[in-house]
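Q: what follows is a predicted structure for the sequence shown.
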Amino acid sequence: MNATVGDRLLVHGKTVGDADRRGEIIEVKGAGGGPPYVVRFDDGHTRLVFPGPDAVVVPK
């Protein structure tokens, strides 16, 4: 998984009924665009994220 600043991260809900989480990648800490990423989620929270298999990077 590779990303650049400004890409969007989509994390699918883990169980039925869980909403997907979306946010903007504001910093890439890994080499060559790899994780971890600092993500500002649409709910306003900012977190360091190590995306799992339930996550997708959507290019800007």
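A: Yes, it's here.
Q: strands along this protein, start to end?
A: Per DSSP state E, the chain carries strands over the ranges 8-11, 21-28, 37-41, 46-49, 55-58.
Q: buried stuff in the longest one?
A: This points to strand 21-28. Arg21, Gly23, Glu24, Ile25, Val28 (16 or more other Cβ atoms under 10 Å). Backbone N, C-alpha and C define where each C-beta goes, glycine included.
Q: now the first one
A: In terms of neighbour count (16+ other Cβ under 10 Å), strand 8-11 has its buried residues at Arg8, Leu9, Val11.
Q: between those, which sits nearest Gly33?
A: Set against Gly33, the nearest of the buried residues of strand 8-11 by Cβ to Cβ is Leu9 (12.7 Å).
Q: what sits against the closest one?
A: Going by Cβ atoms under 8 Å, 6 or more residues apart in numbering, Leu9 touches 3, 22-25, 37, 39, 49, 51, 55-58.
Q: partner residues bridging it?
A: For Leu9, the beta-bridge partners under DSSP bridges are Gly23, Val57.
Q: thinking again about what came up before, can you redo the buried residues of strand 21-28 as TSV with pLDDT and distance to His45?
A: Shown next, in TSV, are these (pLDDT from 0 to 100; distance: Cβ to Cβ, whole Å):
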residue	pLDDT	distance to His45
Arg21	95	9
Gly23	98	8
Glu24	98	12
Ile25	98	14
Val28	98	18
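Q: please tabulate these in a markdown table, including the columns distance to Thr15.
A: A markdown table is the format used below for those (distance: Cβ to Cβ, whole Å):
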| residue | distance to Thr15 |
| --- | --- |
| Arg21 | 13 |
| Gly23 | 20 |
| Glu24 | 25 |
| Ile25 | 25 |
| Val28 | 29 |
